[in-house]
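S.K.: Fold the following and give me the result.
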Amino acid sequence: SQADIIIAHSGGCFVLDPRPEQRIIMIGVPYWPDRSIFKSLCIKIASDFYHHHHQGELVFWLHKTGWNAVYSLKIRTHFRMLRGRARGAHWQYKNVTVARNIHDAMCTPDLSRLPFTTPQNFVELPGHHDECWVDPNPVVELVQVTAPLAADSSTI
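M.R.: This next block holds a predicted model:
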């Protein structure tokens, strides 16, 4: 609640309660018109497998997918995200930068279709939906460029 910048990833974008002056960076908003979340999730898993297989990272993929499976057991969290998504308050936030990874199977590539009520900043980043956990450097750079903090500020 004291942060100057809120960074939310995926379904976390639907459970925010920001103050009006806070900057928000939404990464991989799971919204794709004409595609169900279930279909997007299936495409994401297959795409991740294909990518990590060709990079020789199947052990990493198994580890990441295993942790995602454990996370999927947090049923109350998922219902909270689904209620937030249905309520739609996130489309009315101001001071938002939306980041989409170029190979994100969960977020529409046409960011103009995201139904924000006010204009937002849109940024495309390299990688797949979960890339911020693999390589956070583009997100760190985005924070520095999008909303530089005062030299004496220590909250992010």
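S.K.: any weak-confidence spans in this structure?
M.R.: 147-156 (pLDDT under 70).
S.K.: can you pull out the strands in it?
M.R.: 5-9, 23-27, 96-101, 121-125 (DSSP state E).
S.K.: Which other helices and strands does the third one contact?
M.R.: Read that as strand 96-101. Secondary-structure packing of strand 96-101 (3 or more CB pairs under 8 Å, 6 or more residues apart in numbering; DSSP states H and E): strand 23-27, strand 121-125, helix 137-146. (Each C-beta comes from the backbone N, C-alpha and C, glycine too.)
S.K.: which other residues reach it?
M.R.: Residues from elsewhere that reach strand 96-101 (CB atoms under 8 Å, 6 or more residues apart in numbering): 23-29, 107-109, 111, 114, 116, 120-129, 131-132, 139, 142, 146-147.
S.K.: hmm, try it at 6 Å
M.R.: 24-27, 107, 120-125, 127-128, 131, 146 (CB atoms under 6 Å, 6 or more residues apart in numbering).
S.K.: That strand to strand 23-27, inter-axis angle?
M.R.: Using axes from the mean of the first three to the mean of the last three CA atoms, to 10 degrees, the inter-axis angle of strand 96-101 relative to strand 23-27 is 20 degrees.
S.K.: neighbouring strands for strand 96-101, and are they parallel or not?
M.R.: Counting by DSSP bridges, the strands paired with strand 96-101 are strand 23-27 (parallel), strand 121-125 (parallel).
S.K.: now the first one, how far from the chain's geometric center?
M.R.: By that I understand strand 23-27. 8 Å (CA atoms, centre = their mean, to the nearest Å).
S.K.: Show me the helices in this protein, by range?
M.R.: Using DSSP state H, the helices of the chain run over residues 37-54, 58-72, 75-87, 131-134, 137-146.
S.K.: Quick check: which of the ones you listed is nearest to Pro18?
M.R.: Judged by CB to CB, the one of the helices of the chain that comes nearest to Pro18 is helix 75-87, at 12.5 Å.
S.K.: list the buried ones in the closest one?
M.R.: 81, 84-85 (16 or more other CB atoms under 10 Å).
S.K.: For Val123, list each beta-bridge partner.
M.R.: Beta-bridge pairing for Val123 (DSSP bridges): Ala99.
S.K.: ok, now how distant is it from Ser36?
M.R.: Using CB to CB, to the nearest Å, we find Val123 at a distance of 26 Å from Ser36.
S.K.: Neighbour count: these two, which is higher?
M.R.: Using other CB atoms under 10 Å as the criterion, Val123 and Ser36 rank with Val123 on top: 17 against 9.
S.K.: Much appreciated, bye for now.
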